[in-house]
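[1] Model the structure of this input:
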Amino acid sequence: MPTSTLDWNWGGANIRLDADSSGTGPPLLLLPALSSISTRHEMRPLAELLARQYSTLCVDWPGFGARARPRVDWTPDAYSAFLEFVLTSVVPHPYAIISAGHAASYVLKYAASAPLTAVRLVLIAPTWRGPLPTMLDRRPPFLDRLCRLVDLPGIGPLVYRLNVNQFMMRHMAAGHVYTEPEFLTGERLRHKLDVVRAPGARFASVRFVTGRLDPLDSRDELLALGRRTRVPTLVLYGAETPPSVWCVSNGCAYGDKARIAFTPASRQRKSGRNRYPSRARDGSCTASCSAPPKTVATPNPISARGPK
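    Residues are numbered from 1 along each chain as shown. Next up is the predicted model:
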């Protein structure tokens, strides 16, 4: 899969990012979750399957990925601006945008204000709140102090390393990401460690974990954006996604242009995209991306279909 480089400027800093492309046909943009261990490579198995019919582009987010990263005070405004850059200068008017986690919320927010963004949206386990605010069910002031501490030279890298060592990574992945702890071992674990140990990785990572990159203030705000978006949308959750992560409520949830589906049980609790890319493709992306477009209304998407 060919890799190219994107150059983007934010706050006077030149940000260099990697992007993978494959296939020919209508363009698809694939965006990984914002996470300390996430990179565009998470989307590669799905991109390889979709490349049989589409032209795919998988892009790393600024501050994440495997490259060295500059010291930047990353904010939601920066990520919204980067998404606008990609959708206007790199992949204008893609046939579909496939995005995961926080990326899905950024995409939904953009699409609500720009109705011609794409023909289709696929949101994989959309999230709106970072890990620590989710655990605490609030965002106390000490989280901002933690960000400032991690930013400092000397002590900052030390505090960061204490939280992204091999033991902590496996512990957190087993508790919040993967249903099978042995999935994160060997070469996969070494790759994730390389990602979190890249120079400058701590600046975006700590902001994500403490909620400073949260694109929205509440679950209701996310659902309201879904109802405003006039683009046919598929929302995917893993069969073992904890109910606290579902961004749904009673009634129409994401609106009459959306439908919600659950992938089979997999090693990735939040989405299933790592172990079952073909099922994600067959059960979501091909159904969502195929022409002509069809809208599936889901008046009560969770009551009969949620995980047990």
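[2] Mind listing what's buried along the helix or strand containing G156?
    Following DSSP states H and E, the helix or strand that holds G156 is helix 155-163. Residues of helix 155-163 classed as buried by neighbour count (16 or more other CB atoms under 10 Å): G156, Y160, N163. Using the backbone N, CA and C atoms, a C-beta is placed for each residue, glycine as well.
[3] Outside of that helix itself, list whatever touches it.
    Helix 155-163 has contacts (CB atoms under 8 Å, 6 or more residues apart in numbering) with L149, V150, M168, R197, A201, R202, S205, V206.
[4] ok now that helix, how far from the chain's centre?
    In terms of CA atoms, centre = their mean, to the nearest Å, the centre of helix 155-163 is found 24 Å from the chain centre.
[5] With stretch 85-95 instead?
    Counting by CA atoms, centre = their mean, stretch 85-95 is centred 17 Å from the centre of its parent chain.
[6] Now do the end-to-end distance for it.
    Using CA to CA, to the nearest Å, one end of stretch 85-95 lies 17 Å from the other.
[7] can you list contacts of that stretch?
    Here stretch 85-95 has contacts from 6, 8, 19, 26-29, 54, 57, 59, 110, 114, 116-120, 289, using CB under 8 Å, 6+ apart.
[8] try it again with 7 Å
    Stretch 85-95 is contacted from outside by 6, 8, 26-29, 54, 57, 59, 116-120, 289, using CB atoms under 7 Å, 6 or more residues apart in numbering.
[9] Taking these, please make a ChimeraX selection of just the buried ones.
    Filtering those down to the buried ones (16+ other CB under 10 Å) takes a single ChimeraX command:
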select :6,8,26,27,28,29,54,57,59,117,118,119,120,289
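[10] Please, which helix or strand holds S36?
    Using DSSP H and E, S36 is not contained in any helix or strand.
[11] list the contacts for it?
    V164, V196, S205, F208, V209.
[12] where are the low-confidence patches of this protein?
    Scanning the chain for pLDDT under 70 picks out 171-179, 181, 241-256, 264-308.
[13] all helices for it, in order.
    Applying DSSP state H to the chain gives helices spanning 44-50, 76-85, 101-113, 131-136, 142-151, 155-163, 166-176, 186-197, 201-209, 219-228, 277-280, 286-289.
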